[in-house]
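[1] take a look and give me a structure for this.
(chains A and B)
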There are 2 protein chains.
Amino acid sequence: MAEPIRIGVVGMGTVGSGVVRVLEQSASHIERQAGRPIVVEHAVVRDLGKSRSVAVAPERLGTDVVAVSDNPAISVAAMLVGGLEPARTMTIDLLRKGKDVVTANKALLAEHGPELFEVAREAGRSIAFEAAVAGGIPIVAAIAECLAANRIESIRGILNGTSNFILTRMEEDGSNYADVLAIAQAEGYAEADPTMDVDGTDATQKLALLAHLAFGVWVPWKQIPRVGLETIDQELLKFADELGYRVRVVADASRADVTLAMRVGPTLVRKGTPLAETRGAFNAVSVVGDAVGPMFFHGLGAGEMPTASAVVADIIDTVVGRAAITFRTTGVLAAENPAPVSGGGSSPYLLRLQVTDQPGVLAELTGVLGREGISIASVIQHQPAGGSATVPLVIMTHSCGAAAIERAVTAVDRQASVQATTTCLPVLDD
Amino acid sequence: MAEPIRIGVVGMGTVGSGVVRVLEQSASHIERQAGRPIVVEHAVVRDLGKSRSVAVAPERLGTDVVAVSDNPAISVAAMLVGGLEPARTMTIDLLRKGKDVVTANKALLAEHGPELFEVAREAGRSIAFEAAVAGGIPIVAAIAECLAANRIESIRGILNGTSNFILTRMEEDGSNYADVLAIAQAEGYAEADPTMDVDGTDATQKLALLAHLAFGVWVPWKQIPRVGLETIDQELLKFADELGYRVRVVADASRADVTLAMRVGPTLVRKGTPLAETRGAFNAVSVVGDAVGPMFFHGLGAGEMPTASAVVADIIDTVVGRAAITFRTTGVLAAENPAPVSGGGSSPYLLRLQVTDQPGVLAELTGVLGREGISIASVIQHQPAGGSATVPLVIMTHSCGAAAIERAVTAVDRQASVQATTTCLPVLDD
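    So this is what the prediction gives:
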């Protein structure tokens, strides 16, 4: 039998526990795939006293990452601590001390990717991060390896399972956002503090990583226009439904003329299209390559076992030497790609306005839109509920640029007839 | 600049032309991905005089594979000749003379895989075959690399674009099989001789390759139960529609108790599920892994550019060294997997019978089914068209085994009231 590979697991939260569980449960299967056994030599936890769903022998458990980084028997570290610090310092330490790193921490890479990748290159080590983007969906490998012959034209995905769970529930049972969020938290689909999920941060950081793979550029994730779930209510979902759409939080990156058009936020997706049929905690990614055409991937984007599946695949890739090869070519595309980020590309938009119920309002508002060159595809206005002075007015525009619609919405919201901030969502028909 | 990799392209049909086109069009992109330029040193064609959509310099064009296999400057051969011979002999020759092979020929691998893989191992070379299974969908990489931490439980897919194109057209415009086949041939979606596509051979050979990757066994493809498109007519599609299903040619492999349950053939798939929404020339594959759960992939499964995308990705993988690593672990799973193939696993079935229109027939037939332990979920029988003595009777069963339904259908067809061979299709609800 070949000598085992000894790994360190840094962080034993949900993902770390899942990794230990998969390595144990499927030990002989994984040994065949890797050509040698993979054993957890040491696991780093925050609290030694905490009870865990997987057992690690006490002599292999500690609270200091140095027990991994300074252990010459360990060659691979699974870096599964969340957040920026101490994760960044730990990762640099591990790389400099000769460990190949596998990580699921998208915030860390989105924020410090250029630095960490540079440290890894200097140290002759690799960083593998399949689990950081879409959990079990092998989208990192797909873009970095399988579609290598293609110039990627666009990437579009549902990358946050929590917000998708919330939207699907709101759509299916008519509950409001706050109630569904409470259910999501009770069922483990949302964190106690769900901010990063519902404000789009998580999906935006993942999109930044995908853009690095597909277009070779490190886009500072904060430059990507991002809209959270807070504007979505039942009224909006019902108008969308009436028009033949569902609402999904879509992360979108595509080549525009000289820029990369990127955005993350609630988007109308036509019923029956793959993104519209992506429900609950599932993730989905659609990629268009110049040779392969449209490719679509769907699977569980989070959770203990799907994420562990991706981490362990990366560990195997590191052991057999594939990760080192792949890491060498990551980011080589920068030369051929546009750098500056613009807002979303051209698309139709749905506007939901609250207007005073009086003659001439529609004419006035279409005039405001027209001055930005935006024409109208359809309008929905229902009879107001008894005696209400304001009514919702829904306008679907023809395709227009992101900058034009932004200026138009600002102008619309200045009209006396408009009684509340207008909601504006891009629309995807394919 | 790094020394170029020189490759040979053996076979300049649709796929071979696509490979030359992609290598030319995206030369600088591919050079970045591979770390060095990839150039076509020699292309082997059948007919030197034929006009081609891509140009290869006359001095690089020949009709003898020896110009590739005996050329020491060439290290990789794209083996894009179809059929079994001379493809098999050429491939052995290329491997023995030290060339790594990339191929899209599924028939060759399904028939001679064990021999060719053995020759490659002896010669210390690799065979990469992403393009042989689902065109541009990276399902080979997904199973062999990305899901390596998973014990695969099942694979289910639409693997033949031609038959899917025909079924979708029949469903959408109500045409009959022969008319749609003529359209498919006119539009280039079907070969002049479509036998291998419509009788299920092509999908079955692809399923055998997937089973090798996922379960480690070489299943002789002829052992896999296979049903062609010929039993599908408009009446059947309409009954399926009425029950909430579409008909797709599904290739299915899953672990049963001690066997591998495999089958290929027309199958009822519930509307709204990913396979049901796979239309036209698209392919789709759904894989269930024990850690990752259900994964779904969708994309173009054939055609010049999608297939070339997969071939060139394999060429890049071969150049950078990933293919050699992956080839080493291909097939290592044999030890943990069941070998014998049984027919499809348990599922509900739809039976379409032509029966005499007289009292007591339904009771008699349900009795025949009952003797095999098969119970009935629902029945459709419409009023016969004016004065017809036989009527179609559609029975949806509860879940039962493949052997039981086969015996039951044999018994049913022996009844005096049954006027034509009964059509029997498995039903997938998820």
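
[2] please pull up the helix or strand immediately following the helix-or-strand element of chain A with minimal mean pLDDT.
    When the helices and strands of chain A are scored by mean pLDDT, DSSP states H and E, strand A:341-342 comes last with a mean of 74. Sequence-wise, the next helix or strand downstream of strand A:341-342 (DSSP states H and E) is strand A:349-356.

[3] just the C-alphas of that following strand, formatted as PDB.
    Presented in PDB, the C-alpha positions along strand A:349-356 are these (Å, rounded to 0.1, in the frame of the first residue of the first chain):
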ATOM      1  CA  TYR A 349     -36.400  46.100 -17.400                       C
ATOM      2  CA  LEU A 350     -39.500  45.800 -15.300                       C
ATOM      3  CA  LEU A 351     -40.400  48.900 -13.400                       C
ATOM      4  CA  ARG A 352     -42.900  48.800 -10.500                       C
ATOM      5  CA  LEU A 353     -44.100  52.300  -9.600                       C
ATOM      6  CA  GLN A 354     -46.600  53.500  -7.000                       C
ATOM      7  CA  VAL A 355     -48.500  56.400  -8.600                       C
ATOM      8  CA  THR A 356     -51.400  58.600  -7.900                       C
END
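
[4] packing partners of it?
    Judged by 3 or more C-beta pairs under 8 Å, 6 or more residues apart in numbering or on different chains; DSSP states H and E, strand A:349-356 is in contact with helix A:234-242, helix A:361-371, strand A:390-397, helix A:402-412, strand A:423-428. Backbone N, C-alpha and C define where each C-beta goes, glycine included.

[5] could those go into CSV alongside distance to chain B and mean neighbour count?
    Formatted as CSV, the helices and strands packed on strand A:349-356 follow (distance: least, C-beta to the nearest C-beta, whole Å; neighbours: other C-beta atoms under 10 Å in any protein chain shown):
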stretch, distance to chain B, mean neighbour count
helix A:234-242, 16, 16
helix A:361-371, 35, 16
strand A:390-397, 24, 20
helix A:402-412, 28, 18
strand A:423-428, 16, 22
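
[6] B:Q354 is nearest to which of these?
    Taking C-beta to C-beta, helix A:234-242 is the member of those nearest to B:Q354, at 42.5 Å.

[7] mind saving the C-alpha coords of that closest one as PDB?
    Taking C-alpha atoms only, helix A:234-242 is exported to PDB below (Å, rounded to 0.1, in the frame of the first residue of the first chain):
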ATOM      1  CA  GLN A 234     -45.600  39.600  -2.900                       C
ATOM      2  CA  GLU A 235     -47.000  42.300  -5.100                       C
ATOM      3  CA  LEU A 236     -43.900  42.200  -7.300                       C
ATOM      4  CA  LEU A 237     -43.900  38.400  -7.500                       C
ATOM      5  CA  LYS A 238     -47.500  38.500  -8.600                       C
ATOM      6  CA  PHE A 239     -46.900  41.000 -11.300                       C
ATOM      7  CA  ALA A 240     -43.900  38.900 -12.500                       C
ATOM      8  CA  ASP A 241     -46.100  35.800 -12.500                       C
ATOM      9  CA  GLU A 242     -48.800  37.600 -14.500                       C
END
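
[8] partner strands of the helix or strand just after it, with direction?
    Per DSSP H and E, the first helix or strand lying C-terminal to helix A:234-242 is strand A:245-255. Its sheet considered, strand A:245-255 pairs with strand A:152-158 (antiparallel), strand A:260-270 (antiparallel) by DSSP bridges.

[9] between those strands, which gets nearest to B:V81?
    Closest approach to B:V81 among the strands paired with strand A:245-255 is made by strand A:152-158 (30.6 Å; C-beta to C-beta).

[10] quick one: contacts of the closest one?
    By C-beta atoms under 8 Å, 6 or more residues apart in numbering or on different chains, the residues outside strand A:152-158 that reach it are A:134, A:139, A:143, A:164, A:207, A:210-211, A:214-215, A:248-255, A:275, A:278, A:282-290, A:301, A:428.

[11] where does chain A have low pLDDT?
    A:1, A:331-339, A:384-387 (pLDDT under 70).

[12] circling back to that earlier point, could I get the strands paired with strand A:245-255 in CSV, plus columns for mean neighbour count?
    CSV is the format used below for those (neighbours: other C-beta atoms under 10 Å in any protein chain shown):
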stretch, mean neighbour count
strand A:152-158, 24
strand A:260-270, 25
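
[13] B:I224 is nearest to which of these?
    Per C-beta to C-beta, nearest to B:I224 of these: strand A:152-158, 34.8 Å.

[14] between strand A:423-428 and that closest one, find me the angle.
    130 degrees (axes from the mean of the first three to the mean of the last three C-alpha atoms, to 10 degrees).

[15] columns distance to A:E41 on top of the helices and strands packed on strand A:349-356, output as JSON lines?
    Shown next, in JSON lines, are the helices and strands packed on strand A:349-356 (distance: least, C-beta to C-beta, whole Å):
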{"stretch": "helix A:234-242", "distance to A:E41": "50"}
{"stretch": "helix A:361-371", "distance to A:E41": "63"}
{"stretch": "strand A:390-397", "distance to A:E41": "59"}
{"stretch": "helix A:402-412", "distance to A:E41": "50"}
{"stretch": "strand A:423-428", "distance to A:E41": "47"}
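
[16] quick one: closest of the strands paired with strand A:245-255 to B:E24.
    strand A:152-158 (18.8 Å).

[17] tell me the first helix or strand C-terminal of the closest one.
    Next element after strand A:152-158 (DSSP H and E): helix A:161-173.

[18] quick one: distance of that next one to the chain centre.
    16 Å (C-alpha atoms, centre = their mean, to the nearest Å).

[19] which secondary structure elements does the next helix-or-strand element following that helix sit against?
    On the C-terminal side of helix A:161-173, the closest following helix or strand by DSSP H and E is helix A:177-186. Judged by 3+ C-beta pairs under 8 Å, 6+ apart, the packing partners of helix A:177-186 are helix A:161-173.

[20] orientation of the helix it packs on relative to helix A:177-186 in degrees?
    Going by the same axes, to 10 degrees, helix A:161-173 makes 120 degrees with helix A:177-186.

[21] who touches helix A:161-173?
    Residues from elsewhere that reach helix A:161-173, judged by C-beta under 8 Å, 6+ apart: A:135, A:158, A:175-177, A:180-181, A:183-184, A:189-191, A:194, A:197-198, A:200, A:202-203, A:229, A:232, A:234, A:237, A:241, A:246-249, A:266, A:278-283, A:300-303.

[22] repeat that for stretch A:51-68.
    Stretch A:51-68 has contacts (C-beta under 8 Å, 6+ apart) with A:8, A:10, A:12, A:17, A:20-21, A:24, A:40-48, A:74, A:77, A:86, A:90, A:93-94, A:99.

[23] and A:D429, what does it touch?
    A:R270, A:T273, A:P348 are the contacts of A:D429 under C-beta under 8 Å, 6+ apart.

[24] ok, so of those residues, who is nearest A:A416?
    Nearest to A:A416 among the contacts of A:D429 is A:P348, at 26.8 Å by C-beta to C-beta.

[25] for the closest one, phi and psi?
    phi -70, psi 160 (degrees, to the nearest 10).

[26] isn't it up against A:A377?
    Yes: the criterion here is C-beta atoms under 8 Å, and A:P348 meets it with A:A377 at 6.4 Å.

[27] mind giving me the packing neighbours of the least confident helix or strand of chain A?
    strand A:260-270.

[28] so A:G157 bridges to which residues?
    Using DSSP bridges, the beta-bridge partners of A:G157 come out as A:A251, A:V285.

[29] quick check: the gap between it and A:A251.
    Between A:G157 and A:A251 the distance is 5 Å, computed by C-beta to C-beta, to the nearest Å.
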